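A.B. asks: With the input below, show me the fold.
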Amino acid sequence: MNPPVLDAGGLTRLAERSIPARERLRRLRVAGLWPPVVPAVVLTEALQGDPRRDFLEERLLGMCDVEAVDEPIARRAARLRTGARRSSAVDAIVVAVAEGAGGVVLTQDPKDLKALAALADPSVTVERV
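C.D. replies: The predicted model follows:
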């Protein structure tokens with residue numbers, strides 16, 4: 001199994017200094033599911049553009065694989081978004097990246113991502129963090 005893909009909510013939750021967040025990160029490392037993958041477009045939703053406010057997210061991002069979104073991923077995301085009748089292009093990109101990266105998305109809000117993941121091939125699992 002490959003490392004999980006993080007959406008903005010997953011990135012923010014795992015960046016927290018809480019005990020549950022630290023435990024989840026530890027479990028990912030122990031399971032060999034490290035480093036997580038973050039599509040670059042997720043930074044637009046997760047960051048505020050102020051290093052003082054983004055400190056925790058930036059610290060975690062330094063340990064993640066931030067991946068650019070190429071044309072085939074963008075086109076696949078468009079098909080997923082249209083098929084699921086969802087409006088978030090970023091969520092669709094996260095699921096499209098997960099299709100090729102092991103099939104697990106970590107998020108705080110699984111509803112829309114699950115609708116997109118239902119159309120994924122190969123399958124994608126959405127987990128709340």
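
A.B. asks: any idea how far the residue lying farthest from the centre of the chain is from residue 122?
C.D. replies: Within the chain, the residue lying farthest from the chain centre (C-alpha atoms, centre = their mean) is residue 52, at 22.7 Å. Applying C-beta to C-beta, to the nearest Å, the value for residue 52 to residue 122 is 41 Å. Where C-beta positions appear, they are placed from N, C-alpha and C, glycine not excepted.

A.B. asks: buried ones in the longest helix that the chain contains?
C.D. replies: In terms of residue count, the longest helix belonging to the chain (DSSP state H) is helix 71-84. Of all the residues in helix 71-84, those buried under the rule 16 or more other C-beta atoms under 10 Å are 73, 76, 77, 80, 81, 84.

A.B. asks: I would like the residues contacting it, please.
C.D. replies: For helix 71-84, the surrounding residues in contact (C-beta atoms under 8 Å, 6 or more residues apart in numbering) are 39, 69, 87-89, 91-93, 95-97, 99-100, 112, 115-116, 118-120.

A.B. asks: What subset of those is buried?
C.D. replies: 39, 69, 88, 91-93, 95-97, 99-100, 112, 115-116, 119-120.

A.B. asks: mind listing which of the contacts of helix 71-84 are in helices?
C.D. replies: Filtering the contacts of helix 71-84 for helices - DSSP H - leaves 89, 91, 92, 93, 95, 96, 97, 99, 112, 115, 116.

A.B. asks: Make JSON lines from these and add pLDDT and distance to residue 14 to it.
C.D. replies: Compiled in JSON lines, the ones in helices among the contacts of helix 71-84 are given as follows (pLDDT from 0 to 100; distance: C-beta to C-beta, whole Å):
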{"residue": "89", "pLDDT": "96", "distance to residue 14": "22"}
{"residue": "91", "pLDDT": "97", "distance to residue 14": "17"}
{"residue": "92", "pLDDT": "97", "distance to residue 14": "21"}
{"residue": "93", "pLDDT": "97", "distance to residue 14": "19"}
{"residue": "95", "pLDDT": "97", "distance to residue 14": "18"}
{"residue": "96", "pLDDT": "97", "distance to residue 14": "21"}
{"residue": "97", "pLDDT": "97", "distance to residue 14": "17"}
{"residue": "99", "pLDDT": "95", "distance to residue 14": "21"}
{"residue": "112", "pLDDT": "90", "distance to residue 14": "19"}
{"residue": "115", "pLDDT": "95", "distance to residue 14": "23"}
{"residue": "116", "pLDDT": "96", "distance to residue 14": "20"}
